[in-house]
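Participant: Sequence below, structure please.
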Amino acid sequence: MNRIFGILVLVGVPLTVIGSFMHWPSIAMFIICSISVVALSSFMGRATESLAIVSGPRIGGLLNATFGNAVELIISIFALQAGLIGVVLASLTGSVLGNLLLVGGLSFFLGGIKFKRQKFNVHDASHNSGLLIFAVVVAFVIPEIFTMTMNDNETLYLSVGISIILILLYLAGLVFKLVTHRGVYAHADVENEGGSHEEPEWSKRKALIILFVATLMVAFVSENLVHTFEAVGEQFGWSQLFIGVIIVAIVGNAAEHASAVIMAMKNKMDIAVEIAIGSTLQIAMFVAPLLVLISLFMPQKMPLVFTMSELVAMITAVFLAINVMNDGESNWFEGLTLIAAYLIMGIGFYFL
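Facilitator: Reported below is the predicted structural model:
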């Protein structure tokens with residue numbers, strides 16, 4: 001599989017360059033760019049997995065989530081430049097749904113088939129649950145309610161204020177988990193760590209170099225990918241909402257999707273859950289508010305206001321994921337439940 005992804009990168013990136021200069025049809029560029037981003041994401045996932053082995057589950061999960069979300073952040077910035085505000089907000093919604101329901105579901109399902117019953121750190125799960133409720137239910141719902149009686153400028157000011165608070169709280173949460181309370185809630189159950197020492201695929205230096213180069217390539221490919229959204233949407237009858245919630249979210253988060261599932265199948269559930277939940281928190285508390293602040297320098301500003309269907313879907317996903325994960329254990333049926341919820345929402349957004 002790694003060889004296949006390597007071939008796809010060697011073929012896809014040059015074809016993206018050629019296609020951008022020769023103005024190939026939008027559908028062809030959409031397919032080439034999407035495959036290239038997924039293939040590049042696999043290299044980012046392997047690099048962060050190597051760093052996770054050296055750094056431990058918490059830092060490793062954070063690195064994986066950060067570089068996985070970097071792909072979507074880059075895509076979203078180019079979409080902001082193109083004025084596709086609806087696609088950006090929808091892609092943020094899709095990331096929350098994808099990480100909690102699709103990534104978490106696939107991890108629980110495939111890991112549960114192999115190991116029947118898997119455990120992870122219940123203290124981290126409880127801590128993250130509170131942050132999920134705050135980030136999605138409080139910080140996303142408040143703008144929707146308060147802006148009903150506000151003009152555009154007041155809505156933007158409220159969004160900026162909430163965004164700054166979210167970013168500060170997210171950074172404080174990192175200090176809490178990685179500095180002041182590092183190891184305080186360590187998982188005593190060693191079976192999750194696989195029982196043996198694992199050697200990283202790449203050295204720390206090589207992994208960092210690959211991450212940097214892959215990120216630069218993703219930036220270039222993503223710019224070309226964004227330019228195909230409108231034409232492809234018109235051709236297939238896809239709305240901006242569906243493109244953002246499903247297509248951009250899956251392509252942009254391919255690295256962490258694969259990494260979380262691989263970790264679950266190795267019975268490293270602490271890392272798998274940290275990727276799924278940590279990535280969701282990073283999207284809601286850092287990437288989304290950062291995009292609001294970045295949009296201040298764009299021709300079209302982006303308020304932190306989602307549609308009612310996006311809010312209901314995210315809130316439902318949060319409470320379902322919390323209910324499944326709060327006991328610190330997982331099995332294949334719980335994973336299947338999360339996947340089923342994602343498919344139902346996907347069908348709904350397609351017909352919306």
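Participant: which helices and strands sit right next to the helix or strand where residue 242 lies?
Facilitator: Element membership for residue 242, per DSSP states H and E: helix 240-242. On a contact count with 3 or more C-beta pairs under 8 Å, 6 or more residues apart in numbering; DSSP states H and E, helix 240-242 meets helix 85-97, helix 229-236, helix 332-351. From N, CA and C alone the C-beta is placed, and that goes for glycine too.
Participant: Show me what counts as buried in the shortest one.
Facilitator: It refers to helix 229-236. Neighbour counts over helix 229-236 (16 or more other C-beta atoms under 10 Å) mark 229, 232-233 as buried.
Participant: can you give me how far it is from the chain middle?
Facilitator: Centre-to-centre, helix 229-236 and its host chain are 23 Å apart (C-alpha atoms, centre = their mean, to the nearest Å).
Participant: Stretch 296-312 now?
Facilitator: In terms of C-alpha atoms, centre = their mean, the centre of stretch 296-312 is found 18 Å from the chain centre.
Participant: Using CSV, list the CA coordinates for that stretch.
Facilitator: Extracted C-alpha coordinates of stretch 296-312, given in CSV (Å, rounded to 0.1, in the frame of the first residue of the first chain):
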residue,chain,number,x,y,z
LEU,A,296,-10.4,39.5,8.3
PHE,A,297,-7.6,40.0,5.7
MET,A,298,-9.7,38.6,2.8
PRO,A,299,-12.2,40.5,0.6
GLN,A,300,-15.0,38.4,2.1
LYS,A,301,-15.2,38.0,5.9
MET,A,302,-16.3,34.7,7.5
PRO,A,303,-18.5,34.8,10.6
LEU,A,304,-18.6,31.8,12.9
VAL,A,305,-22.2,31.1,12.1
PHE,A,306,-23.3,27.7,10.8
THR,A,307,-26.6,26.7,9.3
MET,A,308,-29.2,25.0,11.5
SER,A,309,-28.7,21.6,9.8
GLU,A,310,-24.9,21.8,10.4
LEU,A,311,-25.4,22.7,14.1
VAL,A,312,-27.9,19.9,14.7
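Participant: Averaged pLDDT, it. What do you get?
Facilitator: On average, the pLDDT along stretch 296-312 is 91.
Participant: quick one: contacts of that stretch?
Facilitator: Stretch 296-312 is touched from outside by 80-81, 83, 85, 88-90, 92-93, 139-141, 143-144, 147, 152, 155-156, 158-160, 162-163, 241, 245, 288-289, 291-292, 295, 314, 348-349, 352, with contacts defined as C-beta atoms under 8 Å, 6 or more residues apart in numbering.
Participant: For PyMOL, what selects the buried ones among those residues?
Facilitator: The PyMOL command for the buried members of those (criterion: 16+ other C-beta under 10 Å) is given here:
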select buried, resi 80+85+88+89+90+92+93+139+140+143+147+155+156+158+159+160+162+163+241+245+288+289+291+292+295+314+349
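Participant: Among the contacts of stretch 296-312, name the ones in helices.
Facilitator: Among the contacts of stretch 296-312, the ones falling in helices (DSSP state H) are 80-81, 85, 88-90, 92-93, 141, 143-144, 152, 155-156, 158-160, 162-163, 241, 288-289, 291-292, 295, 314, 348-349.
Participant: Doesn't residue 306 belong to a helix?
Facilitator: No. Note on residue 306: no helix contains this position according to DSSP: H, G, I helix; E, B strand; the rest coil, which reports coil.
Participant: And it, how close does it get to residue 93?
Facilitator: 6 Å (C-beta to C-beta, to the nearest Å).
Participant: Pull up the overlap in contacts between these two.
Facilitator: For the pair residue 306 and residue 93, residues contacting each of them under the criterion C-beta under 8 Å, 6+ apart are residue 314.
Participant: So for the stretch of helix or strand residue 111 belongs to, what gets flagged as buried?
Facilitator: Here residue 111, judged by DSSP H and E, is contained in helix 104-115. Going by neighbour count (16+ other C-beta under 10 Å), the buried part of helix 104-115 is 104-112, 115.
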